[in-house]
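1. Sequence first, predicted model second:
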2 protein chains.
Amino acid sequence: MTDTRPLRADAARNRRLLLAAAADEFAARGLDASVADIARRAGVGKGTVFRHFATKDELIAAILIDRMAALSDLGEALREADDAGAALREFLTAAAMQRQERDLSFLAAASEAMPDVDRARGRMMTAIERLVERAREHGAVRADVTGADVFLLMCAPNYIAGYVPDASPDLWRRYLALILDGLRPEGASPLPEAAPELG
Amino acid sequence: MTDTRPLRADAARNRRLLLAAAADEFAARGLDASVADIARRAGVGKGTVFRHFATKDELIAAILIDRMAALSDLGEALREADDAGAALREFLTAAAMQRQERDLSFLAAASEAMPDVDRARGRMMTAIERLVERAREHGAVRADVTGADVFLLMCAPNYIAGYVPDASPDLWRRYLALILDGLRPEGASPLPEAAPELG
DNA sequence: CACTAACCGGACCGCACGGTCAACTTGCTA
DNA sequence: TAGCAAGTTGACCGTGCGGTCCGGTTAGTG
């Protein structure tokens, strides 16, 4: 944090390789993918992984923070969009497009112990809340749906499609469309149970 | 299979205790819950677990088969129901009510190697397909949704609600309602991507 | 009641994982 | 180009897991 000396060229390169390899490996095998496999995929020794990330959890956190930051950027940019409903759709499509990890429980667990994760999640949550609020005002989504709901629904398309062996890589679009249809206001039956409070 | 001699009284009791303890432990900690913990919760030695189930996977399979059989019974009973839409809703509610495991990937993996699992899954799939077909004919669900879709969506409410730390135990009802609203035919936009083929 | 096959339990094994470390290599700078 | 801090590496460690095994226990039977 306080120490911001730039990385040596090879170290910076390895860090990039590691993040990419880890994202691939996690997408393929889930969060249980071993650090050794990630190192091998990156063409690097296992020790190097722990030089860059003190812990496997920190590596996961770094990836999640990157992704949440990108989505936050998008969400904030979309605040100006003309069509609030289309903006929300675009956001959720982008969220599903970056292969999300299936196991979000890490997010909840890490938020308590890792302030960086918590901050990134908070920023994304407010971006989502703004989008939902605006879409609601424009009558593009049902009145009883909240930002927290959308946050939770964000990964569902990948989760659902992820359990089809040999699925089309775009199968998630089908379930995203289904969920989006569930969000539309026309003829919606009121939702039971209060919306959850997150973070 | 061929050998159907009845279990000794204590063995039968322990088997029941084990299945219950395993279901609890899996629900609480996911499929990674250790066999030792399950044995402890059942008040039994670890060796006893492996006397009843050759492998941890077989224990999981036994639980899954029980649940799928119960759902198949319900699904077949609901074929006679007057309101086809209500029947499908009732089925999905029952499916969510038994705490489903979050990690369905086991199902796909086990189906290939374990014929019992495959058979139970097949029976449940046809029950679901019948319910969906009938609901579709009655105009209670959109035309482009299939049995495979419903099968995949079945566990989503628990998955979504499962990542809220301290959630109300009935929070899944909220997301089930949302998904059911996504299934309704009025004003549905056609689904992209072909429905997956399962099994 | 005595006998035995079925059953139980927990010490034990091998393995794979996350994480450490000390010897070695390399990019930077003066 | 010499010197050194920064970076790399893979052998190594402790831990916790699924699964084994055998000595002791118990439910059923004649």
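-> Ah, there it is.
2. For chain A, which residues are neighbours of DNA strand D?
-> A:5, A:7-8, A:10-11, A:13-14, A:44-48, A:51-52 (Cβ under 7 Å from any atom of the strand). For the C-beta atoms, the positions are set from N, CA and C on the backbone; glycine is no exception.
3. least confident pick among those?
-> The member of these with the lowest pLDDT is residue A:5, at 76.
4. Secondary structure class of that residue, three-state.
-> Secondary structure state of residue A:5, per DSSP: H, G, I helix; E, B strand; the rest coil, is coil.
5. and which of the residues of chain A next to DNA strand D is nearest residue B:110?
-> Of all the residues of chain A next to DNA strand D, residue B:110 sits closest to residue A:46, with 31.7 Å by Cβ to Cβ.
6. residue contacts, that closest one?
-> A:35-36, A:39 (Cβ atoms under 8 Å, 6 or more residues apart in numbering or on different chains).
7. can you pull out the helices in chain A?
-> A:9-29, A:35-42, A:46-52, A:56-77, A:84-97, A:105-113, A:115-137, A:147-153, A:156-161, A:172-183 (DSSP state H).
8. Any chance of those in TSV with distance to residue B:148 as columns?
-> Shown next, in TSV, are the helices of chain A (distance: least, Cβ to Cβ, whole Å):
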stretch	distance to residue B:148
helix A:9-29	23
helix A:35-42	32
helix A:46-52	39
helix A:56-77	29
helix A:84-97	19
helix A:105-113	27
helix A:115-137	30
helix A:147-153	21
helix A:156-161	11
helix A:172-183	10
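9. Let me know how buried residue A:23 is, in neighbour terms.
-> Around residue A:23 there are 18 other residues, counting by other Cβ atoms under 10 Å in any protein chain shown.
10. Please apply the same query to residue A:78.
-> For residue A:78, using other Cβ under 10 Å, the count is 21.
11. mind checking pLDDT for the spatially closest residue to it that is not a sequence neighbour?
-> In space, residue A:78 comes closest to residue A:87 once its chain neighbours are excluded; the distance is 4.1 Å by Cβ to Cβ, 6 or more residues apart in numbering or on different chains. Model confidence at residue A:87, given as pLDDT, is 98.
12. got it, and residue A:192?
-> The model reports residue A:192 with a pLDDT of 97.
13. which ones are touching the residue of chain A found nearest chain B?
-> When scored by Cβ to the nearest Cβ, chain A has residue A:182 as its residue closest to chain B, at 3.0 Å. Residues in contact with residue A:182, defined by Cβ under 8 Å, 6+ apart, are B:178-183.
14. Residue A:23 now?
-> A:63, A:99.
15. that older thread, which of the helices of chain A comes out lowest on mean pLDDT?
-> Among the helices of chain A, helix A:105-113 has the lowest mean pLDDT, at a mean of 81.
16. wait, does it make contact with DNA strand C?
-> No - using Cβ under 7 Å from any atom of the strand, helix A:105-113 never reaches DNA strand C; the gap is at least 12.1 Å.
17. quick check: angle from that helix to helix A:56-77?
-> Angle of helix A:105-113 versus helix A:56-77, following axes from the mean of the first three to the mean of the last three Cα atoms, to 10 degrees, is 90 degrees.
18. Alpha carbons of helix A:105-113, in PDB - could you do that?
-> The C-alpha trace of helix A:105-113 is given here as PDB (Å, rounded to 0.1, in the frame of the first residue of the first chain):
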ATOM      1  CA  SER A 105     -19.400 -17.800  -0.900                       C
ATOM      2  CA  PHE A 106     -15.800 -16.700  -1.100                       C
ATOM      3  CA  LEU A 107     -17.000 -13.100  -1.600                       C
ATOM      4  CA  ALA A 108     -19.000 -13.100   1.600                       C
ATOM      5  CA  ALA A 109     -16.200 -14.800   3.600                       C
ATOM      6  CA  ALA A 110     -13.500 -12.500   2.200                       C
ATOM      7  CA  SER A 111     -15.400  -9.300   2.600                       C
ATOM      8  CA  GLU A 112     -15.100  -9.500   6.400                       C
ATOM      9  CA  ALA A 113     -11.300 -10.100   6.400                       C
END
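19. Just want the angle from that helix to helix A:115-137.
-> Here helix A:105-113 runs at an angle of 120 degrees relative to helix A:115-137 (the same axes, to 10 degrees).
20. buried ones in helix A:105-113?
-> For helix A:105-113, burial by neighbour count (16 or more other Cβ atoms under 10 Å in any protein chain shown) applies to A:106-108, A:110-111.
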